[in-house]
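Undergrad: Below: sequence and its predicted model.
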Amino acid sequence: MKIVLACVGTAVLAVTSHAQKADTPVTVESIRDIKAYCIDFNWGPGGPNAFPKPGTWADADPAKHVAWYKTMGANVIQTFCVSCNGYAWYKGGVVPQQPGLQHDFLPEMVRLGHQDGMLVMGYFCIGANTRWGQEHPELSYGLPSSCHIPFTDSYLTYLSSSIGDAIRRTGIDGFMIDWVWQPERASTGGKWLPCEKELYHQLMGEAFPGESKLTPKEDIAYGRKAIERCWMVIHKAAKETNPKCIIWLTSNNPTHPHVVDSAMYNEVDWLMNEGGDLERVRAVTPMTGKDTRLITCLAGWNGQDASTIVPAALKEGIGLYGFAKPGPDSLLPLESLLARPVGELQGDERNIAVLARAYHGVSGEAVANGK
């Protein structure tokens with residue numbers, strides 16, 4: 001299958017969507033501009049917190065998915081080690097696989113993505129994992145909270161084991177970490193679980209003062225310590241397993257007091273503002289390490305104007321990323337979006353269309369005129 005994008009004043013660009021081997025092996029160093037996308041298995045029907053029921057999209061075909069990203073023009077695929085429902089996208093690991101998983105999905109994505117010259121990144125949701133919460137109710141705020149997990153010793157042991165196992169078994173180039181936040185406590189009416197009161201004592205060196213007596217200053221200090229300790233576990237698990245493993249932090253609020261001027265910002269490899277605006281990317285730039293790469297995001301929830309954000313990010317050397325919920329067949333209708341003018345599209349469809357044109361280096365006015 002071939003899609004040709006062309007418009008007046010630009011060269012015709014042909015993109016083959018079937019596998020074609022890269023001339024040279026892809027490396028992190030060879031990626032000059034980050035052009036990333038994610039067909040997001042975190043969102044779907046049947047599970048709590050709007051997470052999909054375990055086994056949703058378990059028939060996803062790695063070859064078709066890699067072909068989709070190739071057609072998109074991405075050089076970085078972001079897919080999943082363990083999604084928010086708590087089940088893995090590879091077989092035989094320490095985390096149970098998605099029920100009914102037909103392919104060894106993530107290792108195959110890595111193999112095929114590398115053949116087509118793309119990095120392949122996994123994903124862990126740090127603050128939410130439905131299976132963990134169901135199996136350890138005493139260590140989870142449960143429903144209806146989205147971020148529901150206190151970063152206790154038990155949870156960090158599980159997280160470390162999960163990260164190391166995924167890197168070893170799948171060959172991923174790195175992984176995204178999401179929801180690196182303190183838990184919401186809506187399910188308990190704001191009351192702290194005993195396990196988190198113990199964690200407060202462990203980190204702060206003094207007993208938990210009680211919900212009504214906890215000052216904002218104490219709350220921020222505790223939150224920063226808890227997140228920093230979690231970050232240290234993530235970093236150690238990744239880098240001891242593969243020193244070249246890329247850790248990619250996404251944040252929907254990168255200027256939050258729990259994370260600004262943190263060791264995590266200084267040490268993380270890639271840092272993304274999921275909110276999409278460039279103002280907060282610029283705000284955190286001085287807090288990052290000398291080799292940290294910055295990324296911004298286009299997604300339906302953040303309401304950014306792709307036609308404005310994309311050229312501005314490219315001009316400033318900021319990487320690009322987008323994500324959207326899968327379609328019924330686990331994919332999205334990319335070919336039809338490339339055949340339509342961007343001005344006819346809205347929401348995630350418009351974001352995909354603008355990013356694909358930018359990833360291929362053609363005008364935003366380009367449309368597919370042949371197959």
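TA: Received, thanks.
Undergrad: Who are the contact partners of the nearest residue to Thr285 once chain neighbours are set aside?
TA: Nearest residue to Thr285, sequence neighbours excluded (C-beta to C-beta, 6 or more residues apart in numbering): Leu294, at 6.5 Å. Placement of C-beta: from N, CA and C, glycine included. The neighbourhood of Leu294, defined by C-beta atoms under 8 Å, 6 or more residues apart in numbering, consists of 270-273, 281, 284-285, 288, 318-319.
Undergrad: Is Tyr37 in a helix, a strand, or coil?
TA: Here Tyr37 is strand, with the state taken from DSSP: H, G, I helix; E, B strand; the rest coil.
Undergrad: Ok, the one 5 residues further on next?
TA: In three-state terms, and counting by three-state DSSP, Asn42 is coil.
Undergrad: what's around it, how many residues?
TA: By other C-beta atoms under 10 Å, 20 other residues sit near Asn42.
Undergrad: ok, now Lys225?
TA: 17.
Undergrad: Any figure for the gap between it and Glu135?
TA: For Lys225, the distance to Glu135 equals 26 Å [C-beta to C-beta, to the nearest Å].
Undergrad: With Ile246 instead?
TA: Going from Ile246 to Glu135 by C-beta to C-beta gives 30 Å.
Undergrad: More neighbours: those two, which one.
TA: Taking neighbours as other C-beta under 10 Å, Ile246 and Glu135 compare with Ile246 leading, 20 against 12.
Undergrad: how about the more buried one, what does it touch?
TA: By C-beta under 8 Å, 6+ apart, Ile246 lies in contact with 28, 119, 121, 173-175, 269-270.
Undergrad: give me that answer again for 10 Å
TA: By C-beta atoms under 10 Å, 6 or more residues apart in numbering, the residues touching Ile246 are 28, 31, 76, 119, 121, 172-176, 238, 268-270, 293.
Undergrad: Please apply the same query to Leu337.
TA: Per C-beta under 10 Å, 6+ apart, neighbours of Leu337: 72, 344-345, 348-354, 356, 367-368.
Undergrad: filter the residues you listed to the buried ones?
TA: Burial by neighbour count, 16 or more other C-beta atoms under 10 Å: within the contacts of Leu337 this picks out 72, 345, 348-354, 356, 367-368.
Undergrad: list the contacts for Arg350?
TA: Arg350 neighbours (C-beta under 10 Å, 6+ apart): 298, 300, 305-307, 337, 340, 342-344.
Undergrad: What subset of those is buried?
TA: Buried among the contacts of Arg350 by 16+ other C-beta under 10 Å: 298, 300, 306, 337, 342.
Undergrad: picking that back up, any idea which of the buried ones among the contacts of Leu337 is closest to Gly47?
TA: Nearest to Gly47 among these: Asp348, at 20.9 Å, using C-beta to C-beta.
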